[in-house]
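Colleague: here is a sequence together with a model predicted from it:
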Amino acid sequence: MLLEIIFCRKNFEPDVEDGNQLVLAEWAYDCYHKGKLDVLLKNDLEALDDIERPMIAIWCIQEDPSQRPTMKKVIQMLEEDIQIPLPPELSYSISSF
């Protein structure tokens, strides 16, 4: 849900031209991993200054529930009360489900 809010689109968009953009979670992770969040944010300079929110969202989509932060930690990260560690790499393809 956090990804949908940040990037202003649904998680699944069947009508996109680029097949890599069908599933928001995969596309966001790929863009984050490649350092190209500007593609997702459509060059929204204000949003690009807040790189932490996509990192928090990627933490929230981890396959292993034990790796996902609790809601309390998510709120603390969003409020900048705690440092946000780099999220681990996704270990699966979300669109395979």
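Modeller: Arrived safely.
Colleague: for Leu22, give its distance to Glu4.
Modeller: Distance, Leu22 to Glu4, by Cβ to Cβ, to the nearest Å: 14 Å. All C-beta spots, glycine's among them, are computed from the backbone N, C-alpha and C.
Colleague: whoops, Gln83 was the one
Modeller: Gln83 is 25 Å from Glu4, by Cβ to Cβ.
Colleague: between those two, who's got more neighbours?
Modeller: Glu4 (14 against 8; other Cβ atoms under 10 Å).
Colleague: in the helix or strand containing the more buried one, what counts as buried?
Modeller: Using DSSP states H and E, Glu4 maps to helix 2-7. Of all the residues in helix 2-7, those buried under the rule 16 or more other Cβ atoms under 10 Å are Leu2, Leu3, Ile6, Phe7.
Colleague: what is the nearest of those to Leu78?
Modeller: Nearest to Leu78 among the buried residues of helix 2-7, counting by Cβ to Cβ, is Leu2 at 8.8 Å.
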